[in-house]
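# got a predicted structure here, sequence first:
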Amino acid sequence: MVSVEEIAAVLHEASPALRSVQQRAAIEIERKFLATPTVLPLCRSGTLLVQGYLYTDAGNTLRVRCAGERAFLTWKGPKSGASREELEIEVPSSIGEALLANVPSHARIQKIRYRIEHAGAVWDVDVFGRALDGLILAEIEMAREDQFVALPPWVEQEVTADQRYRNSRLAAGRMPDRRAA
């Protein structure tokens with residue numbers, strides 16, 4: 001088990017990099033859609049993602065993600081349309097696991113992420129487990145908000161602007177009511 005002191009030491013080591021966040025933060029532009037189970041036959045090789053939310057408010061999110069053998073600490077800023085600032089730092093997996101172990105289960109999600117190509121673009125398809133079993137979301141990252149995206153036949157309603165489908169909200173373990181979407 002990793003101690004709090006070890007986590008603090010790693011974060012202290014990373015502090016010079018963290019001080020330059022404003023120079024290194026990227027703009028993430030993505031659209032998110034509900035997907036149908038017809039995508040599942042295309043989901044062949046995925047990565048288990050377990051995410052815990054360390055801090056969330058109306059605009060900011062700080063999460064820890066364990067993705068296979070790797071771990072990441074990610075800050076996401078307020079959304080403006082389909083865009084938001086994002087900073088992701090890889091941390092030792094022992095640190096990621098220790099941080100995740102300290103996140104209450106009601107602030108975590110588990111999903112398997114598949115990367116599926118459609119019309120020359122790569123989609124991230126997330127198949128959720130646990131309390132969100134049956135939920136499938138598809139996301140596509142873009143270079144510009146006005147970029148044309150050819151929608152695959154297995155996507156339904158766009159939920160990019162629907163706060164109920166933010167992963168930090170989904171971590172509460174409640175399936176959004178699709179009738180209200």
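Structure's in. What do you need?

# give me the residues contacting stretch 68-87.
Stretch 68-87 is touched from outside by 21, 24-31, 47-48, 58-65, 88-93, 95-97, 99-100, 142, 145, 160, with contacts defined as Cβ atoms under 8 Å, 6 or more residues apart in numbering. For glycine as for every other residue, the C-beta is placed from the backbone atoms N, C-alpha and C.

# cross those residues against strands and list the overlap.
If you go by DSSP state E, these have 26-31, 47-48, 61-65, 88-91 in strands.

# ok, of those residues, which come out buried?
Among the ones in strands among the contacts of stretch 68-87, those buried by neighbour count (16 or more other Cβ atoms under 10 Å) are 28-29, 31, 61-65, 91.

# tell me the one of those nearest residue 130?
Distance to residue 130, by Cβ to Cβ, is smallest for residue 65 among these, at 15.8 Å.

# what's opposite the closest one in the beta bridge?
residue 51, residue 72 (DSSP bridges).

# isn't it right up against residue 48?
No. When contacts are counted by Cβ atoms under 8 Å, residue 65 is not listed as touching residue 48 (10.7 Å).

# just for the chain, where's the confidence low?
1-25, 178-181 (pLDDT under 70).

# make it 50
For the chain, the stretches with pLDDT under 50 are 1, 4, 18-23.

# which SSE is residue 33 in?
Here residue 33 is covered by strand 26-35, with elements defined by DSSP states H and E.

# would you point out the most distant pair within the buried ones among the ones in strands among the contacts of stretch 68-87?
31 and 91 (28.3 Å).

# residue contacts, residue 159?
Neighbour list for residue 159: 32-34, 137, 165, 181 [criterion: Cβ under 8 Å, 6+ apart].
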